[in-house]
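>>> Please work out how this folds:
(one chain, ligands or ions: 2)
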Amino acid sequence: MKSEEIIISNSSKNTYDFGVQIAKGIKNGIFGKRRLVCLQGILGSGKTVFAKGFLKEFGITTRILSPTFTISKTYEIQEKTIWHFDLYRMLDASDAMAIGMKEVLSDANAIVLIEWSEKISEFLPSKRIDVRIEVIGDTSREIVLNVLG
Ligand SMILES: Nc1ncnc2c1ncn2[C@@H]1O[C@H](COP(=O)(O)OP(=O)(O)OP(=O)(O)O)[C@@H](O)[C@H]1O
Ligand SMILES: [Mg+2]
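Residues are numbered from 1 along each chain as shown. Ligands and ions are numbered 1, 2, ... in the order given. Predicted structure coming up:
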């Protein structure tokens, strides 16, 4: 399955809502068995805004930070485990594997969201959902969705 879709977001609300839509898609099986969402985009592009909408749809309402000081945060909800990674500070991919990402990525039930996923591109499973956010203006973004594998 390979399909690319481009969405224009004109506000952080639009990007948040897109996160909600992708989470709904996972819940409803629109993306098959894919449970991994990889977020790419420069600093301040809106990855964490997307993550907030996504996590909200899974019932997570605690404050979501762009986890600059932590590499990952786990949520247990409705018997599911949801991981939110931010690899910005990770120096190289082997560090990510060392903290157990391999196990997380191979857990078919875990829902995983990774900011700065390009840092571990060689370890990413082929079945995944890629969301690339391009800054096109102060409040406008081009969001490229790729359902891969
Ligand atoms: N269309 C838009 N979509 C998303 N965010 C937007 C948009 N327009 C403006 N913004 C603003 O851009 C910022 C995005 O911040 P956010 O923390 O989500 O970025 P990030 O990609 O996670 O950055 P980092 O790599 O530092 O974690 C917010 O301040 C948000 O309000
Ligand atoms: Mg962020």
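>>> Are stretch 29-46 and ligand 1 in contact anywhere?
Yes - Stretch 29-46 reaches ligand 1 (CB under 6 Å from any ligand atom) through 41, 43-46. (Each C-beta comes from the backbone N, C-alpha and C, glycine too.)
>>> how about the strands in the protein?
Residue ranges of the strands in the chain, as given by DSSP state E, are 3-9, 36-40, 72-77, 80-86, 111-115, 128-135, 141-148.
>>> and the ones you listed, which one's lowest on average pLDDT?
Mean pLDDT is lowest for strand 72-77 among these, at a mean of 87.
>>> thinking I143 is in contact with T15, fair?
Yes - counting by CB atoms under 8 Å, I143 touches T15, with 7.0 Å between them.
>>> tell me, what's touching these two both at once?
9, 133 (CB atoms under 8 Å, 6 or more residues apart in numbering).
>>> Report the separation between the nearest residue to K102 once chain neighbours are set aside and ligand 1.
Ranked by CB to CB, 6 or more residues apart in numbering and with sequence neighbours excluded, the top spatial neighbour of K102 is F123, at 7.0 Å. Using CB to the nearest ligand atom, to the nearest Å, F123 is found at 20 Å from ligand 1.
>>> just use 45 as the starting number from now, easier for me
Understood, numbering begins at 45; the last thing we discussed is F167.
>>> F167: neighbouring residues, count only.
14 (other CB atoms under 10 Å).
>>> Could you dump the residues of stretch 73-90 next to ligand 1 into TSV and include neighbour count?
Converted to TSV, these look like this (neighbours: other CB atoms under 10 Å):
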residue	neighbour count
G85	21
L87	9
G88	11
S89	20
G90	25
